[in-house]
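Student: this one's structure only:
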């Protein structure tokens, strides 16, 4: 392959990566906008989703699951507790670990957030054939394996 061809491939790959970033930024912006009337941000919803999907997770685990710093996770968890979306209790075997669980209010908020996210997802994928999505998923899974390899 010549230099010009390599440059073109590099440009196309960078353009694809930029599109993925733009989609994620736009998705999050729309989700934040739709959730604003409920007094919650996407970051807070991510923590609540993690609490729901991985019940009993510690603050450190929630920070990893939500891909935020432990300090940011702690602030999000504290806000969720103050708002009454979660309750925290000490771990039975290690008192230094505080576990979080959803309250009925938190569960109701997540139902709303799930509905909002599904509406945005439907707009995102409108007119895209399932076969194309399958190829894209395969490509992105390969990219993830490539970048995750040691």
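Tutor: Received it, and whenever you're ready, just let me know what you need. A quick note: this is a predicted structure, and the numbers were derived from the prediction, not measured.
Student: packing partners for the longest helix belonging to the chain?
Tutor: Secondary structure of the chain per DSSP state H: the longest helix is helix 3-35. Secondary-structure packing of helix 3-35 (3 or more Cβ pairs under 8 Å, 6 or more residues apart in numbering; DSSP states H and E): helix 42-53, helix 104-125. Quick note: C-beta positions are derived from backbone N, CA and C, even for glycine.
Student: and those helices, which is most packed in?
Tutor: Most buried of those by mean neighbour count (mean count of other Cβ atoms under 10 Å) is helix 42-53; its value is a mean of 20.
Student: contacts for it next, please.
Tutor: Helix 42-53 has contacts (Cβ atoms under 8 Å, 6 or more residues apart in numbering) with 28, 31-32, 35, 57, 62, 65-66, 68, 72-73, 76-77, 79-80, 85-86, 100-102, 106-107, 109-110, 113.
Student: next: stretch 18-27.
Tutor: Taking Cβ under 8 Å, 6+ apart as the rule, stretch 18-27 contacts 120, 124.
Student: just the buried residues of that stretch, please?
Tutor: Buried residues in stretch 18-27, counted by 16 or more other Cβ atoms under 10 Å: residue 27.
Student: average pLDDT for it?
Tutor: For stretch 18-27, the mean pLDDT works out to 96.
Student: from the chain's centre, how far out does that stretch sit?
Tutor: Here the centre of stretch 18-27 is set off from its chain's centre by 13 Å, with Cα atoms, centre = their mean, to the nearest Å.
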